[in-house]
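# Here is my input, please return the structure:
(chains A and B)
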Protein chains: 2
Amino acid sequence: MSLVSVNEQTLFLGVDGGGSKCRVSLFAADDTLLGTGLSGPANPVYGVERALAAITEGARLAVSDAGLGIEQLKNIVAGVGLAGVHLPNILEAVNNWQHPFKEMVLTTDLHTACLGATRGGDGAVIVIGTGSCGYSIVDGHSQTLGAHGFLMGDKGSGAWIGLQAVKAVLIAGDELGPKTVLQDLIAEKFQCENLLLVEKLTAAPSRDFADMAGLVFRAADRGDAVARAILADGAGYINLVAKKLLDNKPPRLSLIGGVANLLVPWLDPAIVAQTTAPLAQPEQGAVFYARSQLLPGFAGTVHAQ
Amino acid sequence: MSLVSVNEQTLFLGVDGGGSKCRVSLFAADDTLLGTGLSGPANPVYGVERALAAITEGARLAVSDAGLGIEQLKNIVAGVGLAGVHLPNILEAVNNWQHPFKEMVLTTDLHTACLGATRGGDGAVIVIGTGSCGYSIVDGHSQTLGAHGFLMGDKGSGAWIGLQAVKAVLIAGDELGPKTVLQDLIAEKFQCENLLLVEKLTAAPSRDFADMAGLVFRAADRGDAVARAILADGAGYINLVAKKLLDNKPPRLSLIGGVANLLVPWLDPAIVAQTTAPLAQPEQGAVFYARSQLLPGFAGTVHAQ
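Below you'll find the predicted structure:
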């Protein structure tokens, strides 16, 4: 990777590209945030062209937000954390991109999320958002747990919680499982039930199920046994993920993602006691990684994945 | 519905249109099978035009198989059992079809499957194939259980069994769940594991998961605890469906679909003892229903759904 012409004054873009959106932040050399951009889905597994277009659009918005012209992109280094690049063919497709930046440094979105949470040091994160996964990097060794997607995994995530709720409601509607207040809450949300609810949700994306997670937490607060069982099951899995990551002795473990805070009361308190708040965002983590790869004198402790 | 010009000599086509294929049989007035046709997916929920084209193609093949010309379709009555027509907007779209038949009599594929299994009488069926569902019709009252689809239900079905196997294998791959011989069996089938397996199956249709069900039965036969737990869980649900349907006092209960026979050894023997083999195919059931609706003197006991 070229080291020429990247120096202590170079601006860095941090890109966090995931399945539902792409966040981009522009940082000055002293880590001052200069501008941000938000664009659409950027998981290249579901379309490389769309993902690359989302990165370009987010970068354009961030640069514009900082008062710079888009022609400046060619002077800026992009650190890019992207879902799906653990897959060899996806990694190759993205690396072959004729990107608009001075230089692009690519790694997985989990890696950059972890580097953000630790400010570039060793550590671990569990992402509990629309989906779920765990990641640690310690002494140059990384481990990924979960990241199995909506259909086959994502246990404990918002989408998983919502899907379990719909399954329980449908079974209860057939009088083959316990009644639950989720029946009323979900019928009210969608204005239908039983087979009409099935029709409405059959092709729905995972984020539509994640939108239901709040109802499950609400029902659990009311003492609903079905909702409580769903959350206990999901939390039990996240406990296992946390224990496995803690076995790697990471200096820090952070829970991140939109559902993390909601799930904390359901987790093992002994595990929660070992977690700390993330120090920075994934976009910052992407910049830490890019600097560590391009600036020989960079003082961070960032390991390549 | 017009009764003109349909008489005891009229030929009837029976159509069984489901999510993976459309089976069509042509019957003489005395129920002799004259020809059959097999065409593609015919669930109008996933495309009305495609479903109607599949019915036409299946009918064309069946008529041709019987040595008749396609122009004969206009003299033939079609009894059509179709997935998805329990949904009002789908029912309307199919009923508005300018079909090529003398007359079309439409109902759900579950209804015609049940009428086939009972030769047009009251009774109940549990379909255990790629998906799962239960249906009974007794004294003009019908009940549908399940039919919640791959993502949200289909418990006990081939696709559900395969999906549980993949989930268990991925969890075991992360060392967060028990080891299982399914890990080797599935790795061998797909020549990959862990996140590469996730990629291969993320967008796979339910029939690809149903194709794995045989591996789970094989692993269970070898004593694998994970496989046995999956089959016991699925069978437990089918037991509940059967008990609920038997509460309606149907004269017969039949288990149909490609996975039914495999699952029988896992079901409650007291329930299996109350089942009987289906008397005829769903296409025949569709013809029973069409005759009952169009021939005033039809001796059957077929009730409208």
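
# where along chain A do the strands fall?
Using DSSP state E, the strands of chain A run over A:12-17, A:22-27, A:33-39, A:77-82, A:103-108, A:123-128, A:132-138, A:141-146, A:253-256.

# Reformat those strands as CSV; add mean neighbour count.
For every residue, glycine as well, the C-beta is placed using N, CA and C. Listed next are the strands of chain A as CSV, based on neighbours: other C-beta atoms under 10 Å in any protein chain shown:
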stretch, mean neighbour count
strand A:12-17, 30
strand A:22-27, 26
strand A:33-39, 18
strand A:77-82, 28
strand A:103-108, 22
strand A:123-128, 29
strand A:132-138, 25
strand A:141-146, 19
strand A:253-256, 22
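
# Let me see the domain layout of chain A.
A:12-119+A:279-294, A:149-272 (automatic domain parsing).

# hey, which of those domains is tucked in deepest?
domain A:12-119+A:279-294 (a mean of 21; mean count of other C-beta atoms under 10 Å in any protein chain shown).

# Any idea how far apart the tips of that one sit?
End-to-end distance of domain A:12-119+A:279-294 (C-alpha to C-alpha, to the nearest Å): 11 Å.

# thinking residue A:65 is in contact with residue A:33, fair?
No: assessed by C-beta atoms under 8 Å, residue A:65 is found out of contact with residue A:33, at 9.9 Å.

# returning to what we had before: reformat the strands of chain A as a markdown table; add mean pLDDT and distance to chain B.
Converted to a markdown table, the strands of chain A look like this (pLDDT from 0 to 100; distance: least, C-beta to the nearest C-beta, whole Å):
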| stretch | mean pLDDT | distance to chain B |
| --- | --- | --- |
| strand A:12-17 | 96 | 17 |
| strand A:22-27 | 96 | 20 |
| strand A:33-39 | 97 | 23 |
| strand A:77-82 | 96 | 14 |
| strand A:103-108 | 95 | 10 |
| strand A:123-128 | 96 | 12 |
| strand A:132-138 | 96 | 9 |
| strand A:141-146 | 95 | 5 |
| strand A:253-256 | 96 | 16 |
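
# the helices in chain A, which residues?
For chain A, the helices defined by DSSP state H cover A:48-65, A:88-95, A:109-117, A:149-152, A:158-173, A:182-190, A:194-201, A:206-210, A:213-221, A:225-246, A:260-263, A:269-272, A:282-294.

# Tell me which of those helices sits nearest to residue B:104.
helix A:194-201 (22.8 Å; C-beta to C-beta).

# what's the distance between the closest one and the middle of its chain?
In this view, helix A:194-201 has its centroid 29 Å away from the chain centroid, taken as C-alpha atoms, centre = their mean, to the nearest Å.

# close to chain B, is it?
Yes: legend: contact between helix A:194-201 and chain B by C-beta under 8 Å from any C-beta of the partner chain is shown at A:195-196, A:198-199, A:201.

# the inter-axis angle of that helix versus helix A:158-173?
Angle of helix A:194-201 versus helix A:158-173, following axes from the mean of the first three to the mean of the last three C-alpha atoms, to 10 degrees, is 160 degrees.

# can you list the residues of the stretch 101-250 of chain A near chain B?
So far as C-beta under 8 Å from any C-beta goes, the stretch 101-250 of chain A lies against chain B at A:144-149, A:151-153, A:163, A:166-167, A:170-171, A:174-176, A:195-196, A:198-199, A:201-202, A:237, A:240-241, A:244.

# Tell me which residues touch residue A:52, please.
A:44, A:94, A:97, A:99 (C-beta atoms under 8 Å, 6 or more residues apart in numbering or on different chains).

# correct me, but residue A:200 touches residue A:190?
Yes: between residue A:200 and residue A:190 a contact is recorded at 5.7 Å, counting by C-beta under 8 Å.

# Tell me the bridge partners for the residue nearest the centre of chain A.
Centroid-nearest residue in chain A, with C-alpha atoms, centre = their mean: residue A:127, separated by 5.8 Å. Bridge pairing for residue A:127 (DSSP bridges) gives the partners residue A:133, residue A:256.

# Turn the contacts of residue A:52 into CSV, including distance to residue A:218 and pLDDT.
CSV is the format used below for the contacts of residue A:52 (distance: C-beta to C-beta, whole Å; pLDDT from 0 to 100):
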residue, distance to residue A:218, pLDDT
A:44, 36, 91
A:94, 40, 95
A:97, 44, 96
A:99, 44, 96
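
# Nearest to chain B, out of those: which one, please.
Checking the contacts of residue A:52 against chain B by C-beta to the nearest C-beta gives residue A:44 as the nearest, at 11.5 Å.

# Return the distance of the nearest residue in space to the closest one that is not next to it in sequence relative to chain B.
Of all residues beyond its chain neighbours, the one nearest residue A:44 is residue A:51 (4.0 Å), with distances taken as C-beta to C-beta, 6 or more residues apart in numbering or on different chains. Relative to chain B, residue A:51 is positioned 15 Å away (C-beta to the nearest C-beta, to the nearest Å).

# same question, residue A:66
Residue A:66 is 36 Å from chain B, where distance means C-beta to the nearest C-beta.

# Repeat that for residue A:186.
Taken as C-beta to the nearest C-beta, the span from residue A:186 to chain B is 12 Å.

# Would you check that that residue makes contact with residue A:216?
No: counting by C-beta under 8 Å, residue A:186 does not reach residue A:216; the two are 9.5 Å apart.

# any shared contact partners between the two?
With C-beta under 8 Å, 6+ apart as the test, residue A:186 and residue A:216 both reach residue A:165.

# For the residue of chain A most remote from its centre, give me its contacts.
What lies farthest from the middle of chain A is residue A:175; by C-alpha atoms, centre = their mean that is 37.2 Å. By C-beta under 8 Å, 6+ apart, the contact set of residue A:175 is residue B:244.
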